[in-house]
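Q: sequence and computational prediction follow.
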Amino acid sequence: MSLKPDDVSKIAQLARLAVSPEEGEALSRELSSILDLVAQMTAVDTSGIEPMAHPLEMQQRLRPDEVTETDQRDLYLGNAPQAEAGLFLVPKVIE
């Protein structure tokens, strides 16, 4: 598929991009080559191929779900300017 510089300027206007005429020429060639590649990939027969979620047949290694941190809530609340009932108190922002 071949894009003309006029097509690129229309696309740029829709995307709210400022494209100079020189950039429009270069972009029309680059976008045309991208669209040609997409057309080539669309032409490939994939009817007998099962879709994949990932190109590698691997399973995720999972670690055991264990607690590794100690409870330091009181230490952290001690650094707060105001705290009550295990919660940080902050100034009211919305009135």
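A: Okay, I see it.
Q: sec struct for Asp18, please.
A: Asp isn't right for residue 18; it's Ala. Counting by DSSP: H, G, I helix; E, B strand; the rest coil, the backbone at Ala18 sits in coil.
Q: please name the nearest non-neighbouring residue to it.
A: Closest residue to Ala18 apart from its sequence neighbours, by Cβ to Cβ, 6 or more residues apart in numbering: Ala12 at 7.4 Å. Backbone N, C-alpha and C define where each C-beta goes, glycine included.
Q: what about the one you found, distance to Ile94?
A: 41 Å (Cβ to Cβ, to the nearest Å).
Q: hey, where'd the helices end up in this protein?
A: 5-14, 21-43, 73-78 (DSSP state H).
Q: and the contacts of the longest one?
A: Meaning helix 21-43. Identification of contacts with helix 21-43 by Cβ atoms under 8 Å, 6 or more residues apart in numbering yields Met1, Ser2, Leu3, Lys4, Pro5, Asp7, Val8, Ser9, Ala12, Val19.
Q: need the contact list for Gly86.
A: Contacts of Gly86 by Cβ under 8 Å, 6+ apart are Arg73, Leu77.
Q: again, but for the one 4 residues further on
A: When the contact criterion is Cβ under 8 Å, 6+ apart, the partners of Val90 are Gln82.
Q: pLDDT at Leu56, what is it?
A: What the model reports as pLDDT for Leu56 is 79.
Q: that one: neighbour count?
A: When neighbours are counted by other Cβ atoms under 10 Å, Leu56 registers 5.
Q: can you check Val8 too?
A: For Val8, using other Cβ under 10 Å, the count is 23.
Q: now Leu27
A: Neighbours around Leu27, by other Cβ under 10 Å: 20.
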